[in-house]
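Participant: Need a 3D model of the sequence below.
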Amino acid sequence: MSPVLAQSGVKRYEHVAHRTSERMMALGMRDGGVEGMRRASDGWEVGRAFEGSKMMELVAWNASGSLLAFVPKLDAICIIDPNTLDPVVASFKPLTAPDGNKLNVHAIAWSPKNDQQMALATQKGIYLVTVEEMAHEVAAKVSSIYTPVFEYWGKSGSRTDQMVWSPSGKWLMARTLGEELAIFNMESMTRAFCTTYKHVLHSFCWDEAHERCYLGIKDGSSEHGAAVDALSLDTFSRLPEFPKRAHRDSIWDMKLRPSGQGRDRTGEALLATVSKDTTAFLWDTEHCDTVRLVQLTDHGLRRVDWDHSGNLLALASNEDIILVDAVTGEAIRSWQLPKNHRVKSIAWHPRLDILAYVLNPIADRDAAQKPVGRCELLAAPDCMPRRARMWMQQPHSSPESSAGAGMPPFSGPAAAPSLQDQVAAAPSGGVTPGVKNRFKRARTGNVRTTAEMWSK
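Facilitator: Purely as a prediction, here's the structure:
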């Protein structure tokens, strides 16, 4: 539990009810599930978007935010319309190999230039597939044989664990569990670079403005056992000013804030890194130095992501999700995770104040039923898809394996503006209409976290 929550006196969210200035709040968590909608007095809320039949690996928005994709563990790809929660691709089990064996989906990456295309990593290589192709195969109940654009390059028995497309669309970087790193040129469709690291490689991201990519490695060569390394995109050699050390343990995730976004050092990019040692650091990529330490929890931080404005960071630990003001390093909101659950992946909407995250229960070998993962949404006022909100409010049966199964009928008052309408109205790089005062409230100290707010 984060120190912020502990200090507020709220130990757990199970069976807690507090009166706020606007409404009565009732929360309940039973058997790891969520019963009822959690809503803060300023409108931040949690909604359910998808629940599968297996543990979930990752969640990812396409470039415009019009589609949201999930990957159940080594199984299929599910894509939904986030506005209606209807499946666009219910369960795509792709890419039958020429020998007749089914291929497993290990990682995906949406194209930054084509909203309808994604790269898939399997044990046979990397494939490019469109949403239309996937939807057609699901509807027709067929499984086509595809040819990989890049053959698998790693050790036998290993698998691709992470894949990231560069913002320009020129480069695609992939990592295997055997610490093998490959960079592909998507314009010439060639493999530009491949190496095997002698150290543990946990994370990486692009910085095309400085023509480099960053790597989070763990080498144990000093008291700072993890380091940020960097490769030049010209020569694919290590830059002489690296590695840079700050974390004491594994760097589990890193994300770059786009240049020119955010209030801090406008025009410059910041790199955010999170570690198993419970710390998050912000790095000035121009001078390759740390500019801020963020330590708001006693638990290891697993995931980090920037919101569309560059003002907010989402940090996911083993116990909670924390929204952080990137300028002050202070917590603005904090959500406690259900007991015995872990966040596997997080992703901010590219234009709106909606954070999608994948939540998995900790596996119990003695459990009668197989553990299943789900995707939930954290949303600012007027941003939550109405159907996600209503599903949380109404009784529902256990969802089936396909997206949208077990969903209650969509009924009730007129819906809030759709995501498409909100995207059209949202200023590029700005704060979504309706939440422009949230930073003012945080700075004045009126509202710091949901726990503090509920305990008043």
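Participant: going forward, measure contacts and count neighbours with C-alpha atoms only.
Facilitator: OK.
Participant: low-scoring pLDDT stretches of the stretch 301-450 of the chain, where are they?
Facilitator: Applying pLDDT under 70 to the stretch 301-450 of the chain flags residues 365-368, 390-450.
Participant: Confirm for me that Gly65 is in contact with Arg351.
Facilitator: Yes - the criterion here is Cα atoms under 8 Å, and Gly65 meets it with Arg351 at 7.1 Å.
Participant: more crowded one of those two?
Facilitator: Arg351 (24 against 20; other Cα atoms under 10 Å).
Participant: Just give the nearest non-adjacent residue to that one, would you?
Facilitator: His308 (5.4 Å; Cα to Cα, 6 or more residues apart in numbering).
Participant: Can you report how many residues lie near the one you found?
Facilitator: So His308, with other Cα under 10 Å, has 24 neighbours.
Participant: again, but for Tyr197
Facilitator: Neighbours of Tyr197 (other Cα under 10 Å): 12.
Participant: Report the separation between it and Ala121.
Facilitator: 20 Å (Cα to Cα, to the nearest Å).
Participant: what's the answer for Thr278, then?
Facilitator: In this view, Thr278 and Ala121 are 30 Å apart by Cα to Cα.
Participant: If you count surrounding residues, which of the two has more?
Facilitator: A direct count of neighbours by other Cα under 10 Å for Thr278 and Ala121 places Ala121 higher, at 27 against 19.
Participant: The more buried one: what's it in contact with?
Facilitator: Val105, His106, Ala107, Ile108, Tyr127, Thr160, Met163 (Cα atoms under 8 Å, 6 or more residues apart in numbering).
Participant: In CSV: these, plus neighbour count and secondary structure.
Facilitator: Converted to CSV, the contacts of Ala121 look like this (neighbours: other Cα atoms under 10 Å; DSSP: H, G, I helix; E, B strand; the rest coil):
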residue, neighbour count, secondary structure
Val105, 26, coil
His106, 24, coil
Ala107, 24, strand
Ile108, 27, strand
Tyr127, 18, strand
Thr160, 27, strand
Met163, 25, strand
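Participant: could these be laid out in a markdown table, adding pLDDT and distance to Pro82?
Facilitator: Below are the contacts of Ala121 laid out as a markdown table (pLDDT from 0 to 100; distance: Cα to Cα, whole Å):
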| residue | pLDDT | distance to Pro82 |
| --- | --- | --- |
| Val105 | 86 | 22 |
| His106 | 88 | 23 |
| Ala107 | 91 | 21 |
| Ile108 | 93 | 18 |
| Tyr127 | 90 | 25 |
| Thr160 | 88 | 27 |
| Met163 | 94 | 23 |
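Participant: Adding distance to Ala347, write the residues you listed out as a markdown table.
Facilitator: Putting the contacts of Ala121 into a markdown table (distance: Cα to Cα, whole Å) gives the following:
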| residue | distance to Ala347 |
| --- | --- |
| Val105 | 19 |
| His106 | 18 |
| Ala107 | 15 |
| Ile108 | 13 |
| Tyr127 | 22 |
| Thr160 | 20 |
| Met163 | 14 |
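Participant: Return the closest of those with respect to Leu378.
Facilitator: Minimum distance to Leu378 across the contacts of Ala121 is 22.3 Å, recorded for Ile108 (Cα to Cα).
Participant: Against Asn311, how distant is the closest one?
Facilitator: 27 Å.
Participant: Equivalent analysis for Val372, please.
Facilitator: Val372 is 33 Å from Asn311, by Cα to Cα.
Participant: which SSE is Gly329 in?
Facilitator: Here Gly329, judged by DSSP states H and E, is contained in no helix and no strand.
Participant: distance of Ser188 from Ala63?
Facilitator: 22 Å.
Participant: For those two, indicate the residue with more neighbours.
Facilitator: Each of Ser188 and Ala63 has its neighbours counted (other Cα under 10 Å); Ala63 has more, 18 against 10.
Participant: Report the contact partners of that one.
Facilitator: Ala63 touches Trp110, Ser111, Pro112, Lys113, Asn114, Asp115, Pro350, counting by Cα under 8 Å, 6+ apart.
Participant: State the three-state secondary structure for it.
Facilitator: Classification of Ala63 using DSSP: H, G, I helix; E, B strand; the rest coil returns coil.
Participant: I'd say Ala227 and Ala246 touch.
Facilitator: Yes - counting by Cα under 8 Å, Ala227 touches Ala246, with 6.8 Å between them.
Participant: Which one's more surrounded, those two?
Facilitator: Taking other Cα under 10 Å, Ala227 and Ala246 do not tie; Ala227 has more neighbours (24 against 20).
Participant: Spatially nearest residue to the more buried one (excluding sequence neighbours)?
Facilitator: Among residues not flanking Ala227 along the chain, Arg245 sits closest, at 4.5 Å (Cα to Cα, 6+ apart).
Participant: State the phi and psi torsions of that neighbour.
Facilitator: Per-residue torsions, Arg245: phi -120, psi 140 (degrees, to the nearest 10).
Participant: Lys276 now?
Facilitator: With angles defined as degrees, to the nearest 10, Lys276 sits at phi -60, psi -20.
Participant: which ones are touching the nearest residue in space to it that is not next to it in sequence?
Facilitator: Closest residue to Lys276 apart from its sequence neighbours, by Cα to Cα, 6+ apart: Gly300 at 4.1 Å. By Cα under 8 Å, 6+ apart, Gly300 lies in contact with Ser275, Lys276, Asp277, Thr278, Thr279, Ser317, Asn318.
Participant: These in strands, which ones?
Facilitator: Ser275, Ser317 (DSSP state E).
Participant: Can you add distance to Met254 and give the contacts of Gly300 back as CSV?
Facilitator: Shown next, in CSV, are the contacts of Gly300 (distance: Cα to Cα, whole Å):
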residue, distance to Met254
Ser275, 9
Lys276, 12
Asp277, 14
Thr278, 14
Thr279, 12
Ser317, 14
Asn318, 17
